[in-house]
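Colleague: need coordinates for the following:
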Amino acid sequence: MTTGTFNDTSVFPDPVYKETVLRPLFDGARDHHVEGFRLIDRAHLVMLYQTGILTIEQARPIAEALEAIDREVDVGSLTYTGEVEDFFFLIEKQLRTRLGPDLAGRLHTARSRNDIDHTLFKLGLKHRIDPLLERLAHLAQTLASVAERESKTLIVAYTHGQPAQPTVFGHYLSAVLETLLRDIARLESARDIVDRSPMGAAAITTSGFPIDRDLMAHLLGFSRPLQNSYGCIASIDYITSTYSAIELVFLHLGRFIQDLQFWTSFEVGQVYVPNAFVQISSIMPQKRNPVPIEHMRHLASQTVGRAQAMITIMHNTPFTDMNDSEGESQGFGYGAFESGGRVLDLLAALVPALHINGDRVRQNIRRSCITVTELADTLVRLEGLSFREAHEIAAEVSRSVVSIGGDIGTDGYEAFQNAFKHCTGRGSSVGPENFAEIVSPENFVRVRDRFGGPAPKALAQALSGYREEISSIRSRMKAAQLRETASAEDLHSRFTALLGAR
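Modeller: Below you'll find the predicted structure:
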């Protein structure tokens, strides 16, 4: 066993460490976070000057050097050489070259790579969450518009893979929309957590310098500072909240997409996909393959997988600043926004193009006797039967009609009268025309006018509420955008004034 002082002659960085860790981290910062670094440096310099931590004689040349770096360094062409540890130290090296070590080093007063990193990652997430929210709002608006267009279009609703009851396509799409609006609310809530600035936490415990954390949050476009400084560098719930919300968005949309796959099958055929979204077989001329639905399904699954992986990466990590939540993990997570965005764009284009095959819907309704639930309900109301008695009569009618491949409206009346008399010992007051009306799909939908139902008044009320909610979402997004634009303009104005101050 060796004891005493090691004679360590190694030189940083080890070549393997350089290629497997440092280079990918540098490339990730170069590709994703250059603008974030730029904003943080400028905002921090303005804050140091505004609070009197730096004098104008110190702050002005640092501002001029930052401007020169922006002009003279082609960041996109940079390759990692190992001369500095990471992108942060590359900028610091550039400052030292222009200003000397004493003045250059003053920019890092009262901050750490810890609070810088988490601020960078939050800025990166905000700039990805906002376009995703815009796509989600657009999809929500699209679903609302198509639901209104299809508010009287009959479809077969399925449970357990079997025909269950008739409804209208607008009612089904409204269910998808209502879920989507809850998913949007979850993502908005996650964005609120992302929108709290860690700057000023420094390494862990803030600083003895008189920093202004509120000013830093404002200049960087955050709504406010995150309060606890330890939590600023340890509580990565801004990551888990974001990717949990994304996972649920695409998990839920994937179920809708799977229904479209099922409903466009030859055997069901109640949804028609136009030619613009259909590919043909290379060998079977009769095939119409709506493969965009499959692409949406696997892209939604990829998005769920990426989001879930981000949450898993955070599992069982220590409650502190750690590399698990940083550069490479952040870059990996961004893939969820890319694949998810493709799903939303394609779905928003496909849904308005879909058409319901009315002939096939009526054929499936006829073959499956799915209006018979309303026969049972009507017998309770008109004949004073218990629901169980009425259910048994309706079930017998259904069995009789299905056995002959008939239509319940035209072929079910005789079976109904026989079943009614067998069960009650008397004849029913329901005549043939009334029976046909009772078991029609139009009547089935029309009488279901309770809150949340598919009848015209109830559905119109729901759609009105959904539109108000979508409008509120867009208003909140617009307010956040205006606030962040104002912050960017203020930072530019203050930094420019700093450059010109004498």
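Colleague: where does pLDDT dip in this structure?
Modeller: 1-5, 501-502 (pLDDT under 70).
Colleague: give me the domain ranges for it.
Modeller: 15-109, 130-211+220-362+462-488, 372-439 (automatic domain parsing).
Colleague: let me have these in JSON lines, extended by mean neighbour count and distance to Arg448.
Modeller: Bear in mind the C-beta positions are built from the backbone N, C-alpha and C, glycine included. Formatted as JSON lines, the domains of the chain follow (neighbours: other Cβ atoms under 10 Å; distance: least, Cβ to Cβ, whole Å):
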{"stretch": "domain 15-109", "mean neighbour count": "17", "distance to Arg448": "51"}
{"stretch": "domain 130-211+220-362+462-488", "mean neighbour count": "18", "distance to Arg448": "8"}
{"stretch": "domain 372-439", "mean neighbour count": "17", "distance to Arg448": "9"}
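Colleague: right, and the ones you listed - which one's nearest His118?
Modeller: domain 130-211+220-362+462-488 (4.4 Å; Cβ to Cβ).
Colleague: do I have it right that Lys46 meets Ser493?
Modeller: Wrong residue type there; residue 46 is Val, not Lys. No: counting by Cβ atoms under 8 Å, Val46 sits too far from Ser493 to count as a contact (9.7 Å).
Colleague: just the strands in the stretch 201-350 of the chain please.
Modeller: Per DSSP state E, counting those that start in this stretch, the stretch 201-350 of the chain carries strands over the ranges 224-225, 271-272.
Colleague: measure how far the longest helix anywhere in the chain is from the centre of its chain, please.
Modeller: Longest helix in the chain, counting residues (DSSP state H): helix 456-500. Helix 456-500 has its C-alpha centroid displaced from the chain centroid by 17 Å (Cα atoms, centre = their mean, to the nearest Å).
Colleague: so which elements touch it?
Modeller: helix 34-50, helix 56-72, helix 113-149, helix 169-194, helix 213-219 (3 or more Cβ pairs under 8 Å, 6 or more residues apart in numbering; DSSP states H and E).
Colleague: let me have those helices in CSV, extended by distance to Thr485.
Modeller: Output for those, formatted as CSV (distance: least, Cβ to Cβ, whole Å):
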stretch, distance to Thr485
helix 34-50, 13
helix 56-72, 20
helix 113-149, 12
helix 169-194, 17
helix 213-219, 13
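Colleague: so for Gly200, which of the ones you listed sits nearest?
Modeller: helix 213-219 (3.7 Å).
Colleague: against which helices or strands is the closest one packed?
Modeller: Packed next to helix 213-219, using 3+ Cβ pairs under 8 Å, 6+ apart, are helix 34-50, strand 196-197, strand 224-225, helix 456-500.
Colleague: would you turn these into CSV with distance to Val372?
Modeller: Listed next are those as CSV, based on distance: least, Cβ to Cβ, whole Å:
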stretch, distance to Val372
helix 34-50, 62
strand 196-197, 56
strand 224-225, 58
helix 456-500, 22
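Colleague: tell me which of those sits nearest to Ala137.
Modeller: helix 456-500 (5.3 Å).
Colleague: and the closest residue to Ala460 other than its chain neighbours, what is it in contact with?
Modeller: Among residues not flanking Ala460 along the chain, Ser151 sits closest, at 7.1 Å (Cβ to Cβ, 6 or more residues apart in numbering). Residues near Ser151 by Cβ atoms under 8 Å, 6 or more residues apart in numbering: Val168, Gly170, His171, Pro456, Leu459, Ala460, Leu463.
Colleague: ok, now Thr320?
Modeller: Contacts of Thr320 by Cβ under 8 Å, 6+ apart are Ile233, Ala234.
Colleague: show me the contacts for the residue nearest to Arg196 when sequence neighbours are not counted.
Modeller: The spatial neighbour of Arg196 that comes closest, neighbours along the chain excluded (Cβ to Cβ, 6+ apart), is Leu226 at 3.9 Å. Neighbour list for Leu226: Arg196, Ser197, Pro198, Ala201, Cys232, Ser235 [criterion: Cβ under 8 Å, 6+ apart].
Colleague: and which of the contacts of Ser151 is nearest to Leu346?
Modeller: Nearest member of the contacts of Ser151 to Leu346, counting by Cβ to Cβ, is Gly170, at 21.4 Å.
Colleague: wait, the closest one sits on Ala462?
Modeller: No: counting by Cβ under 8 Å, Gly170 does not reach Ala462; the two are 9.3 Å apart.
Colleague: got phi/psi on Leu354?
Modeller: When quoted as degrees, to the nearest 10, the phi and psi of Leu354 stand at phi -70, psi 150.
Colleague: who's the closest spatial neighbour of it, skipping the chain neighbours?
Modeller: Val271 (5.6 Å).
Colleague: look up how far Leu90 lies from the one you found.
Modeller: Separation of Val271 from Leu90 (Cβ to Cβ, to the nearest Å) stands at 55 Å.
Colleague: what of Asn364?
Modeller: For Asn364, the distance to Leu90 - Cβ to Cβ - is 65 Å.
Colleague: right, and Tyr466 touches Val176 too?
Modeller: No: counting by Cβ under 8 Å, Val176 is not a contact partner of Tyr466; they are 10.8 Å apart.
Colleague: ok, which of the helices and strands packed on helix 456-500 comes nearest Tyr334?
Modeller: When these are ranked by proximity to Tyr334 (Cβ to Cβ), helix 113-149 comes first, at 6.4 Å.
Colleague: gap between that closest one and the chain center?
Modeller: Averaging C-alpha positions (Cα atoms, centre = their mean) puts helix 113-149 7 Å from its chain's average.
Colleague: that helix vs helix 169-194, what angle?
Modeller: 170 degrees (axes from the mean of the first three to the mean of the last three Cα atoms, to 10 degrees).
Colleague: which helices and strands does helix 113-149 pack with?
Modeller: helix 34-50, helix 169-194, strand 196-197, helix 229-234, helix 237-263, helix 327-350, helix 456-500.
Colleague: following element in sequence after it, please.
Modeller: Of the helices and strands lying after helix 113-149 in sequence (DSSP states H and E), the nearest is strand 154-159.
Colleague: hmm, the residue nearest to Leu354 is touching Ile356, no?
Modeller: Yes: assessed by Cβ under 8 Å, Val271 is found in contact with Ile356 at 6.4 Å.
Colleague: closest one to Ala276 among the helices and strands packed on helix 456-500?
Modeller: Using Cβ to Cβ, those put helix 113-149 closest to Ala276, at 16.2 Å.
Colleague: that closest one to helix 34-50, inter-axis angle?
Modeller: 120 degrees.
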